[in-house]
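[1] Sharing a model prediction with you, sequence too.
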Amino acid sequence: MIPFVSQLISKNILGVIADYLKRRNIIGHTKCAKIFQSFGSFGSAIMLIALASLPDCEHPYVALPLLALYGMFFSGGICGFFTCILCIAPPFSGTTTSIAMVFGMLGNISGPLLLGVVSKIFEIQK
């Protein structure tokens, strides 16, 4: 629940910041998408690594702020990824979004399947 609440709040804040930067011509559309996508990707990766290594049985409460920060960083990708999809072909934004979501779901499905296959192979070899 914590990551989703922080996403809800930070998506609105980061969206306003991205629009402000583009409207004032501080940065262009492409650079804005790249900056926010990098913010979302690298920040999420760092928070997941921290989430895997910092909390332990004696200090489980460390996980909650890390989950909140993960949600905040993950929502930065919305200003990057989804904006980029919409800029490819504005009249066909629904189609391009659907195609991108299909490929994203294929990646989400193939990851656990590949992990299952690899673990079965190593289990057989033992």
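    Received it, and whenever you're ready, just let me know what you need. Just so it is clear, the model here is predicted, and its values are computed rather than measured. Numbering: from 1, shown residues only.
[2] I'd assumed residue 96 was in contact with residue 89.
    Yes: using C-beta atoms under 8 Å as the test, residue 89 is close enough to residue 96 to be in contact (5.6 Å). Glycine gets a C-beta too; all of them are placed from N, C-alpha and C.
[3] Pick out whichever of these two has more residues nearby.
    Neighbour count, other C-beta atoms under 10 Å: between residue 89 and residue 96, residue 96 has more, with 17 against 10.
[4] ok, for the residue nearest the centre of the chain, nearest residue in space, not its chain neighbours?
    In the chain, the C-alpha nearest the mean C-alpha coordinate belongs to residue 74, at 3.8 Å (C-alpha atoms, centre = their mean). Sequence neighbours aside, residue 44 is the residue nearest to residue 74 in space, at 4.9 Å (criterion: C-beta to C-beta, 6 or more residues apart in numbering).
[5] what's the domain layout of the protein?
    As assigned by automatic domain parsing, the chain contains the domains 2-88, 90-126.
[6] Which positions within the shortest one qualify as buried?
    For domain 90-126, the buried set under the neighbour-count rule, 16 or more other C-beta atoms under 10 Å, comprises residue 96.
[7] low-scoring stretches of this structure, by residue?
    124-126 (pLDDT under 70).
[8] next one: the longest helix seen in it to chain centre, how far?
    Scanning the chain for the helix with the most residues, using DSSP state H, yields helix 93-125. Averaged C-alpha coordinates place helix 93-125 at 16 Å from its chain's average position (C-alpha atoms, centre = their mean, to the nearest Å).
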